[in-house]
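> show me how the following folds:
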Amino acid sequence: MKHTIKELEDIASQIRRDIVRMVHGCQSGHPGGSLGCTDFFTALYFEVLNYKKDFSMDGIGEDLFFLSNGHISPVWYSTLAHAGFFDKSELATFRKLDSRLQGHPTTHEHLPGVRVASGSLGQGMSVAIGAALTKRLNGDNSYVFSLHGDGELQEGQNWEAAMFAPFHKVDHLICTVDYNGQQIDGPTDKVLSLDSLQAKFEAFGWHVINTDGNDMAAIVEGLHYAKTLAGKGKPILNLMSTQMGAGVDYMMGSHKWHGTAPNDEQLATALAQLPETLGDY
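Okay, here's the model as predicted:
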């Protein structure tokens, strides 16, 4: 391993601190899903993903990642900063005028690490498939990863992509679904039930694995295992169970923190639960 589990957990704690501070600083943004996916981002960028620090849009000879549920940009921005793509001091500009760190990632801001604008939900799987097919044409056996919200799967375009990938044997594709059961209007089961996502994707021809997205050792093991399944004729779906707001007790498990910023008192409470491990920006 590149890092011990304890080192990864320490990185995740700092990223969570960044998330609540960023959203508090502009009184806008999406802390719930960002906190829930922090362990995934930490495991991906600091343990699993093979990428070059000298960023290029083409990404030849390296793994690629696409964030489909772009509203959880705080966790991605913090991860990219701590991974060395840009200085962490820039996190203080989140959602500010003329900032490169907009509420949803965009490419025209030329932020290293971002290859596609996202936040218009339902499009990321199609993008990831296109990138994986391009790599196949170029003889590049690197992996393409993507992340999607579970509520996002209520968008129809996902299911066109979900049919396309197995039919065309896009087998260096590893898609993760943040399965937290929450979306902006409430629990997914009450808004529009997803029923069994595993059964759905398996019926379409995917290889489905299940991971605990808030257990660092489990998510590291799960992502490494997903890579061993690549190249066998099927795309891989990582059905990742998380708690929205993970790491901050009063946010956990509630859709109310999907897109709500903490006030001063709530920020202080959150920071008291999240050790400063790498230094605040």
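> below-threshold pLDDT in the stretch 151-281 of the chain: ranges please.
Regions of the stretch 151-281 of the chain meeting the criterion pLDDT under 70 are absent.
> now the helices: where do they sit in it?
Secondary structure of the stretch 151-281 of the chain (DSSP state H, counting those that start in this stretch): helices at 157-167, 188-191, 197-204, 216-229, 264-273.
> buried residues of the second one, list them for me.
Looking back up the chat, that one is helix 188-191. For helix 188-191, the neighbour count (16 or more other Cβ atoms under 10 Å) marks Thr188 as buried. Every C-beta, even on glycine, is put in place using the N, C-alpha and C of the backbone.
> stretch 230-248 now?
Those would be 230, 234-248, for stretch 230-248 by 16+ other Cβ under 10 Å.
> which ones are touching the nearest residue to Phe94 once chain neighbours are set aside?
For Phe94, ignoring the flanking residues on the chain, the nearest one in space by Cβ to Cβ, 6 or more residues apart in numbering is Met22 at 4.2 Å. Going by Cβ atoms under 8 Å, 6 or more residues apart in numbering, Met22 touches 29, 74, 77-78, 91-92, 94-95.
> ditto for Gly113
55, 76, 80, 83, 85-86.
> let's see which of the buried residues of stretch 230-248 end up in strands.
Of those, the ones assigned to strands by DSSP state E are 236-241.
> would you list those in a markdown table and tack on distance to Ser120?
Shown next, in a markdown table, are these (distance: Cβ to Cβ, whole Å):
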| residue | distance to Ser120 |
| --- | --- |
| Ile236 | 24 |
| Leu237 | 21 |
| Asn238 | 23 |
| Leu239 | 23 |
| Met240 | 22 |
| Ser241 | 26 |
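> out of the residues you listed, who's nearest Glu9?
Using Cβ to Cβ, Met240 comes nearest to Glu9 of those, at 17.0 Å.
> right, and the closest one touches Val177 too?
Yes - between Met240 and Val177 there is a contact under Cβ atoms under 8 Å: 6.3 Å.
> any idea which helix is longest in this protein?
Counting by DSSP state H, the longest helix found in the chain is helix 5-26.
> so for that helix, what gets flagged as buried?
Counting neighbours by 16+ other Cβ under 10 Å, the buried set in helix 5-26 is 7-26.
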